[in-house]
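S.K.: Dropping a prediction and its sequence here:
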Amino acid sequence: MDGPSGGCPPPATAAPARAKLPLGIVFSTALFCGEGAAAAVLCRSYGHSDDRFWLALTVFFVLCPSVLVQLTLIFVHRDLSRDRPLVLLMHLLQLGPIIRCVEALVVYCWSGKEEEPYVTITRKRRLRKGYEVEMEQEVGHSVRRLATHRNAFKRMAVIQAFLGSTPQLTLQLYISILEKYVPVARAVLMGICLVSVTYGALVCNVLAIQVKYDDYKVQLRPLAFLCIVLWRSLEISTRVAVLVLFSTVFKHWIIPIALANLLVVFFLPWVQFWRSGSHLPDNIEKNFSRVGTVVVLCAFTLLYASINMFCWSAVQLKLADRDLIDKSQNWGRLAVYYVARLVENTALVILWYFFKTDVYENICTPLLVVQLLLGYCLGIYFMLLFFQYLHPCRQLFHHNVADFLHCVCCRRRPPGTPLCLQAPYEPGVRHSIV
């Protein structure tokens with residue numbers, strides 16, 4: 001699919017950008033607080049039943065991502081070089097998202113009540129009915145501060161989802177299968193974790209689109225939003241269920257399988273960076289040494305590997321690039337990832353089916369196997385539907401999903417069957433076929 005064609009209307013005049021209600025910030029904070037509160041109630045029940053091992057793991061999967069979230073918010077807002085003792089105290093108490101959310105709401109409430117000089121003028125393009133309309137907006141102090149808060153909370157949502165909510169969801173589902181019982185506190189915690197990881201995957205998609213199409217004003221339509229939610233929720237829930245079922249039967253084999261998934265994706269960007277012969281990017285933080293830059297890149301790569309263990313990350317790391325992201329649309333990598341994941345899920349669930357124990361005697365296991373595989377395939381279907389019809393920048397694709405599938409089918413044609421072209425015969429006229 002080629003880009004938009006036709007004459008472009010003249011650029012719109014600069015207008016002041018209005019501050020939007022930070023619903024994403026409020027939602028991320030609610031998920032953070034809700035997951036912490038539900039985990040605290042569940043830990044109390046583990047303490048009463050003297051399940052110290054499950055208690056320790058539950059606390060670990062709450063505190064570890066919480067510490068990383070606090071560090072991320074401090075890093076994005078650059079608070080270490082500013083005199084803000086109350087904010088730093090809240091972060092030490094693991095309550096940083098709450099004070100940040102209150103700050104964002106205060107900035108939003110005060111924006112527009114008095115005139116403020118704009119900081120800069122942004123120029124963005126917007127796709128409208130096949131045209132590229134260039135728009136200019138004056139960005140004021142309040143809009144810029146809210147944008148900083150939104151960027152910080154998007155990164156917080158991804159960290160919370162894939163370093164906290166996904167391991168927590170996997171752990172609690174594993175405990176529920178072993179105990180054959182799901183208390184209310186555990187069910188609430190698993191529900192919040194599933195919502196959190198689905199939202200984190202949605203944020204990954206939005207961030208990937210914004211990075212790849214930085215010059216364009218990107219806005220998801222409600223139908224595209226719903227399609228991504230269905231795609232991500234089916235993909236992640238079936239993946240977690242397959243891993244948990246396999247781990248209940250092969251307790252010692254799940255660890256090397258998980259480590260293999262994690263380490264392969266972790267080292268792949270570093271191998272590509274080493275083979276390219278490039279230098280480390282120097283724009284991460286000007287005050288960082290070379291060792292500090294490597295540590296930050298390793299943490300970023302670990303998050304990238306954790307995302308890809310459960311779902312498609314929507315981006316490819318390129319450590320030699322300034323933005324650390326490969327902005328090309330590589331359909332081949334997307335196809336390889338989902339084919340490999342489908343084969344892996346099929347192999348794991350079939351092994352579980354043949355070696356299952358008496359724990360599942362009250363469950364129709366063949367139906368469960370079919371449901372898991374169909375659920376993952378349905379998630380892939382919604383992914384293809386999104387990229388083919390609902391992607392906000394699909395008009396900029398040089399090739400879409402249908403073109404890629406058509407190309408794959410063309411490669412499967414048997415060679416040696418050239419097309420038979422015949423020129424029309426007219427007497428007295430020379431014909432040629434080019």
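M.R.: That came in fine, so what should we check first? Residues are numbered from 1 along each chain as shown.
S.K.: need the contact list for residue 99.
M.R.: 86-87, 90 (C-beta atoms under 8 Å, 6 or more residues apart in numbering). For every residue, glycine as well, the C-beta is placed using N, CA and C.
S.K.: what do you get if the cut-off is 6 Å, keeping everything else the same?
M.R.: 87, 90 (C-beta atoms under 6 Å, 6 or more residues apart in numbering).
S.K.: repeat for residue 204
M.R.: residue 314.
S.K.: confidence score at it?
M.R.: With respect to pLDDT, residue 204 scores 91.
S.K.: Return the backbone torsion pair for it.
M.R.: phi -60, psi -40 (degrees, to the nearest 10).
S.K.: Residue ranges in this structure under the pLDDT threshold?
M.R.: Across the chain, residues meeting the criterion (pLDDT under 70) sit at 1-18, 81, 112-132, 137-139, 281-289, 329, 396-434.
S.K.: Tell me which stretches of it form strands.
M.R.: 15-16, 118-128, 131-140, 316-317, 325-326 (DSSP state E).
S.K.: List the strands paired with the fourth one, with their directions.
M.R.: The one in question is strand 316-317. Paired strands of strand 316-317, with direction, are strand 325-326 (antiparallel) (DSSP bridges).
S.K.: Pull the residues that contact the partner strand.
M.R.: Outside strand 325-326, the residues touching it (C-beta under 6 Å, 6+ apart) are 211, 315-316, 318.
S.K.: Which of those are buried? Put it as a ChimeraX command.
M.R.: To isolate the buried members of the contacts of strand 325-326 in ChimeraX, using 16 or more other C-beta atoms under 10 Å:
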select :315,316,318
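S.K.: Which of the contacts of strand 325-326 sits closest to residue 331?
M.R.: Closest to residue 331 out of those is residue 316 (11.9 Å), distances taken as C-beta to C-beta.
S.K.: Count residues in the vicinity of the nearest residue to the closest one once chain neighbours are set aside, would you?
M.R.: The spatial neighbour of residue 316 that comes closest, neighbours along the chain excluded (C-beta to C-beta, 6 or more residues apart in numbering), is residue 326 at 4.1 Å. Other residues near residue 326 come to 19 when the count uses other C-beta atoms under 10 Å.
S.K.: before we move on, what about residue 197?
M.R.: By other C-beta under 10 Å, the residues close to residue 197 number 30.
S.K.: Ok, residue 261 next?
M.R.: Other residues close to residue 261 by other C-beta under 10 Å number 18.
S.K.: do you know how far the closest residue in space to it that isn't next to it in sequence is from residue 263?
M.R.: With sequence-adjacent residues excluded and distances taken as C-beta to C-beta, 6+ apart, residue 261 is closest to residue 309, at 4.9 Å. Look at residue 309 and residue 263: by C-beta to C-beta, to the nearest Å, they are 10 Å apart.
S.K.: Comparing these two, which residue is more hemmed in?
M.R.: More crowded of residue 309 and residue 263, by other C-beta under 10 Å: residue 309, with 19 against 11.
S.K.: Next, work out how far apart the more buried one and residue 303 are.
M.R.: 11 Å.
S.K.: now swap in residue 382 and tell me
M.R.: 24 Å.
S.K.: same check, this time on residue 212
M.R.: From residue 212 across to residue 303, the span is 19 Å (C-beta to C-beta).
S.K.: cool, and residue 205?
M.R.: The value you get for residue 205 to residue 303, if C-beta to C-beta is used, is 16 Å.
S.K.: okay, those two: which has more neighbours?
M.R.: Remark: of residue 205 and residue 303, residue 205 carries more neighbours, 22 against 19, as counted by other C-beta under 10 Å.
S.K.: Might you report the residue contacts of the more buried one?
M.R.: Contacts of residue 205 (C-beta under 6 Å, 6+ apart): 228, 314.
S.K.: now residue 164
M.R.: Contacts of residue 164 (C-beta under 6 Å, 6+ apart): 61, 65.
S.K.: now with 10 Å?
M.R.: Residues near residue 164 by C-beta atoms under 10 Å, 6 or more residues apart in numbering: 32, 35-36, 39, 60-66, 68-69, 193, 196-197, 200.
S.K.: Could I get the contacting residues of residue 278?
M.R.: Per C-beta under 10 Å, 6+ apart, neighbours of residue 278: 272, 318-321.
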